[in-house]
Structures are given as structure tokens and as C-alpha cells.
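>>> the sequence and its predicted three-dimensional model are supplied below.
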Amino acid sequence: MKKKMAIVLSLVLACSMSMTAFAAPSPSLNTGNTPVSQVTVDQSVATATAGTAESTVSGVASATSAVAVGTTFATAKGNQALDAASVQLVVAPTTVAETTTSANELTKALTAKKVKIINKSGEKNISLLNREGKVKYLCSRNVYLTNSKGELVASKGSISIAKSLKEILGGYQLAENETIRAMYKRADGTFVALPVVIKGDVVSFALPSISGVVEVVFTAAVGTRQETLQSEKAPKL
């Protein structure tokens, strides 16, 4: 029940936020008093736990994932329409090498002359730093969709995925004023902050349209956990 509740809440956030308003690099990314050029990405937790989690394969609409109304699926090659019931969701842990590469790319995105992080979290002002004033890189996951033949599947719309909070934290203890950020990495090196909901021992995040394997990076940051930021204007799913 907790997993489904968190999934639905993150889908509500994804569907209710203004995609146009968050379509450009957001000036609302907050690094406190730390100049962006001096931001440190601490990957110690991620390096210690990389590759230890198990890959999961499930239906895209299951006990640990959900599909927003209106979302469609088709093969990435050939564009053959598929029913959601035939689509599989794969979530796989990254290796130590992949984690290190991703942390380096996140550092580059943060310290670029024009910050390459886009805010689609549903919040107008988000902090990127944890209580220690660092970008605390917790872990990353490769996420993709396939059909019964193992072919990559593209989605148009939004899907939400739930994972255990313990798995994502990897031993890190969230302070009362901290939450989790989820960002997926685009091919051009840009990172996109996604809607995240934490409910009990479950964390869920909503992904927009994808057409292949995407890497989702999780970090700890100062902020209010989304279960306390309900939107009265969110549409019913």
C-alpha cells in the first residue's frame, strides 16, 4: 500500500507540474552560499554500494511501478505500438566505473558556465546540497523498457517507479531537513531533476518520455520531503 501511494503521488506531481515552466535550466537551483564552481560531488556512498543491488524486471504497471493516463508505448526501432501489458520495466544498478563517470559528468554539469541541470521536480526552488554543503551522490540506476523479444521500447508520457528507501540510501542517514533528489542524465550531458515522493520506507520517482536506457542519479539534499507538499490543483489520475 505504501509503495502504491508513493507511486500515485509522484505521478500526480509529474502530471500537475508545468512542463513549460521547467523547460529551461532553472534559476531556482540552490547551492546556498557555495559558489557553483566550488561545489563538491561526494560519491563515497555510491562507490561503496555500486553493483550490490539486484536488477529488477517487472511489468511497467505493477506493484512497484505505474503508468500515467495517456502514456503510450512503441518499439524504439520500427515504432510498433504496444499495449502497456506487454511492456517490461528494467531497473539495474550501475557499476563502480559507471558511477564514477556519472559523478564526474554531474560535476561538469554543475560547474559549466551555463549550469546544465534542468528543474522538472515540480518544486519551484530546490537545493542541490546536503547538510554538509555537498552534492551527496547516493547511487544510480539504469532504467529502460523492453518487450517480450527483448527489444527496447520507447514511452510517451510518464511512468513512476518505486524503490526501497534503504536501497537508495545505501547506509546514508537522512536528516530531518533532508530529502532525496532524482536526476536523469541526457545524452548531451544535461541532468534533469525529477518529481520524487518519499512515503514511509519507499521512495518513488516519475520519469518523462524515454526511448532507451537512461541513468537516474539519486542524491541527498536539504529540502522538504514531497509527501508534505501536496498540490491541491493536481489532476485526478
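Structure received.
>>> walk me through which strands the longest strand along the chain pairs with, and which way each runs.
Longest strand of the chain, by residue count under DSSP state E: strand 135-146. Using DSSP bridges, strand 135-146 pairs in its sheet with strand 41-42 (parallel), strand 88-93 (antiparallel), strand 152-156 (antiparallel), strand 214-222 (antiparallel).
>>> just name the most buried of these.
Ranked by mean neighbour count, those are led by strand 214-222 with a mean of 23 (mean count of other Cβ atoms under 10 Å). Every residue, glycine included, has its C-beta placed from N, CA and C.
>>> who touches that strand?
94, 98, 102, 106, 126-131, 135-144, 168-169, 172, 174, 177-185, 191, 194, 205, 207 (Cβ atoms under 8 Å, 6 or more residues apart in numbering).
>>> tell me which element the closest residue to Gln80 other than its chain neighbours is part of?
Sequence neighbours aside, Ala74 is the residue nearest to Gln80 in space, at 5.9 Å (criterion: Cβ to Cβ, 6 or more residues apart in numbering). Assigned by DSSP states H and E, Ala74 falls within strand 72-75.
>>> what average pLDDT does that strand get?
For strand 72-75, mean pLDDT rounds to 96.
>>> start the count at 721 instead of 1 going forward.
Done: numbering now begins at 721, and the last item shifts to strand 792-795.
>>> same for it, what does it pack against?
Packing contacts for strand 792-795, counted by 3 or more Cβ pairs under 8 Å, 6 or more residues apart in numbering; DSSP states H and E, involve strand 801-802, strand 872-876.
>>> center of the protein - which residue?
With distances taken as Cα atoms, centre = their mean, Ala902 lies nearest the centre of the chain, 3.3 Å away.
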